[in-house]
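Engineer: turn this into a structure:
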Amino acid sequence: MYSPDISIQTFQVRVVGVTYENRQAIVAQLEEGEQILLVREPMNPFDSNAIMVVRQNGQHFCYLDRILAAKIASQLDRYGRPVKAFVSALTGGYYAGSNLGVMVTFELTD
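Structural biologist: Modelled structure (predicted):
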C-alpha cells in the first residue's frame with residue numbers, strides 16, 4: 001500500500017579515503033553504474049559514525065565523509081542492513097601518477 005508520508009532523500013557525494021591502504025587499485029577496477037554497498041562500521045576506532053563503502057565482493061575502497069556519516073548513521077542503524085548505492089562517476093586520473101576519485105549516489109527513506 002502506498003504511503004504518502006514516506007520521504008525519499010537522494011544523495012550524490014564524493015567519497016573520502018580512496019588513497020589509503022592501496023585502495024586506488026580497487027578504485028581503478030570500478031565502473032560507473034556499478035552497484036556498491038554502504039556499510040555501518042560503529043566499532044571504527046576513529047569515528048563511531050563511520051560508513052564504509054564496499055563493492056559487492058566485499059572490497060572496501062572508501063568511506064562517506066565524516067559530516068554526512070554523522071547525519072545519517074542512526075538512519076542506517078535503523079535499517080539494520082547495508083544500503084544499496086552505485087558509482088555515479090569516476091574522477092581524476094587524468095595523468096600518470098594522479099589519483100582517482102569516486103562519486104556515489106544512494107537514496108534513504110524516512
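
Engineer: show me the strands in this structure, by range?
Structural biologist: With strands called from DSSP state E, the chain shows them at 8-14, 35-40, 51-55, 60-63, 83-92, 100-109.

Engineer: out of the ones you listed, flag the one nearest R23.
Structural biologist: Of all these, strand 60-63 sits nearest to R23, with 4.8 Å by CB to CB. Quick note: C-beta positions are derived from backbone N, CA and C, even for glycine.

Engineer: centre of the chain to that closest one, how far?
Structural biologist: The chain centre lies 7 Å from the centre of strand 60-63; the measure is CA atoms, centre = their mean, to the nearest Å.

Engineer: show me what it is in contact with.
Structural biologist: By CB atoms under 8 Å, 6 or more residues apart in numbering, the residues outside strand 60-63 that reach it are 15-18, 23, 26-27, 30, 50-55, 69, 102.

Engineer: other SSEs contacting the helix ranked longest in the chain?
Structural biologist: For the chain, the helix with the greatest residue count under DSSP state H is helix 66-79. Helix 66-79 sits against strand 35-40, strand 51-55, strand 100-109, with contacts defined as 3 or more CB pairs under 8 Å, 6 or more residues apart in numbering; DSSP states H and E.

Engineer: mind listing what's buried in that helix?
Structural biologist: Residues of helix 66-79 classed as buried by neighbour count (16 or more other CB atoms under 10 Å): 68-69, 72-73, 76.
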